[in-house]
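Student: Following is a predicted model, sequence given first.
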Amino acid sequence: MKIYDTPQSDLKDTDEIDSSSGRSITTSVLGFIAFSIYLVPYMFIPQFSETFASFGSDIPWLTTAVIKLNILFLLLSLLSLFLNLVWVVRWLNPKVVALLFKVSVGNIIVSFLCLFICFVAMYLPVFYIGTVL
């Protein structure tokens, strides 16, 4: 025998609505930050490749790979802009918004990792030429 019955309501749960709108804003901000981070190597790697070509010596394989895969940074930046569509399409299912939020967090982690690899790859020839001389 129950003594107290919990009252029932026809209203939607407001916690679900607030969390999905907050996630969409955060997803949009993370996407824009990742977009900016991916564009930095895309814009500066061609200048480094011209400088390395003027050295006239071999460069490390990591530097060569980063120079050849420069267009990948443009594609990743476009992916980041796609994640910003969540801001425009806020009416998505909260489960989809939660999934896109996880993808955008992964995207920002990958963007910082790519930026770090680019910095290392662009400074490797300086150390490599220093050991050759």
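Tutor: Ah, there it is. Residues are numbered from 1 along each chain as shown.
Student: Report how many residues lie close to Asp58.
Tutor: Asp58: 13 surrounding residues under other CB atoms under 10 Å. C-betas here are computed from N, CA, C, even on glycine.
Student: any idea which element Phe116 lies in?
Tutor: Take DSSP states H and E as the rule and Phe116 turns out to sit in helix 94-132.
Student: ugh, wrong one, I meant Leu76
Tutor: Assessed by DSSP H and E, Leu76 sits inside helix 70-83.
Student: helices and strands of the chain: which one bottoms out on pLDDT?
Tutor: Here the helix or strand of the chain ranked lowest by mean pLDDT, DSSP states H and E is helix 85-88, holding a mean of 64.
Student: average pLDDT across the top helix by length along the chain?
Tutor: Taking DSSP state H as the criterion, the chain has its longest helix at helix 14-55. Mean pLDDT, helix 14-55: 78.
Student: tell me the angle it makes with helix 70-83.
Tutor: Relative orientation of helix 14-55 with respect to helix 70-83: 160 degrees, computed using axes from the mean of the first three to the mean of the last three CA atoms, to 10 degrees.
Student: Report the distance from helix 14-55 to the chain centre.
Tutor: Taking CA atoms, centre = their mean, to the nearest Å, one finds helix 14-55 lying 5 Å from the centre of the chain it belongs to.
Student: Kindly report the same for stretch 53-66.
Tutor: 26 Å.
Student: Distance across that stretch, terminal residue to terminal residue?
Tutor: Stretch 53-66 has an end-to-end distance of 14 Å (CA to CA, to the nearest Å).
Student: what's in contact with that stretch?
Tutor: For stretch 53-66, the surrounding residues in contact (CB atoms under 8 Å, 6 or more residues apart in numbering) are 41, 45, 52, 117-118, 120-122, 124-125, 128-129, 132.
Student: What about the closest residue to Phe112 other than its chain neighbours, how many residues nearby?
Tutor: Leaving aside its sequence neighbours, Phe112 sits nearest to Ile37 (CB to CB, 6 or more residues apart in numbering; 6.7 Å). Burial of Ile37 is recorded as 22 neighbouring residues (other CB under 10 Å).
Student: The host helix or strand of Ala65 to helix 70-83, inter-axis angle?
Tutor: Using DSSP H and E, Ala65 maps to helix 61-68. With the same axes, to 10 degrees applied, the angle from helix 61-68 to helix 70-83 works out at 60 degrees.
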